[in-house]
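1. return atomic coordinates for the entry below.
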Amino acid sequence: MATTTKSSLVPPTLVGAAAIQGLVGFLGWFIHSPQFSALDWVITFGGGIFLALAFVGKSKPHAASLAAMLLYSAFLIMQLSISTELLMTGWIFKLPIILLLIVGVWSAFHCSSLGEGHVDL
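-> Predicted coordinates for the structure are as follows:
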């Protein structure tokens with residue numbers, strides 16, 4: 001018999017953000033490998049941080065989603081502190097991550113309404 005459970009979208013959104021961030025970091029290895037800077041290391045390991053937060057998000061979705069949003073905001077502020085041009089590059093990757101993190105935070109705080117109708121077999 002199927003049971004209805006309450007779940008949030010936090011882990012899948014954080015895995016999606018991790019995949020995008022990991023892809024950007026992987027591409028950075030090929031593009032900037034001779035001049036790999038500290039910012040490139042942050043980008044590369046950001047995917048791992050999002051993946052770890054996805055595992056935490058299964059038990060603590062509020063904390064995981066807010067931590068991910070704060071970390072990515074800090075990353076964008078760090079880019080802005082380096083240069084405005086740096087912040088304005090790569091929006092094809094940044095915008096989906098931002099949207100995924102917004103959905104994750106929204107889901108964490110509204111998981112009871114999202115969980116209705118979700119069936120685990």
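
2. please count neighbours and contacts with C-alpha atoms only from this point.
-> Noted.

3. for the chain, which helix or strand comes out least confident on mean pLDDT?
-> Using mean pLDDT, DSSP states H and E, strand 119-120 stands out as the lowest-scoring helix or strand of the chain, at a mean of 43.

4. all helices of the chain, in order?
-> According to DSSP state H, the chain carries its helices in the segments 10-32, 38-57, 61-82, 84-88, 91-109, 111-115.

5. how about those helices in CSV, adding mean neighbour count and mean pLDDT?
-> Shown next, in CSV, are those (neighbours: other C-alpha atoms under 10 Å; pLDDT from 0 to 100):
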stretch, mean neighbour count, mean pLDDT
helix 10-32, 19, 87
helix 38-57, 19, 86
helix 61-82, 17, 92
helix 84-88, 12, 89
helix 91-109, 18, 92
helix 111-115, 15, 52
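
6. for the residue most central in space within the chain, give me its contacts.
-> Here the mean C-alpha position of the chain is nearest to the C-alpha of A17 (C-alpha atoms, centre = their mean), at a distance of 3.4 Å. The neighbourhood of A17, defined by C-alpha atoms under 8 Å, 6 or more residues apart in numbering, consists of G47, F50, P96, I97, L100, L101.
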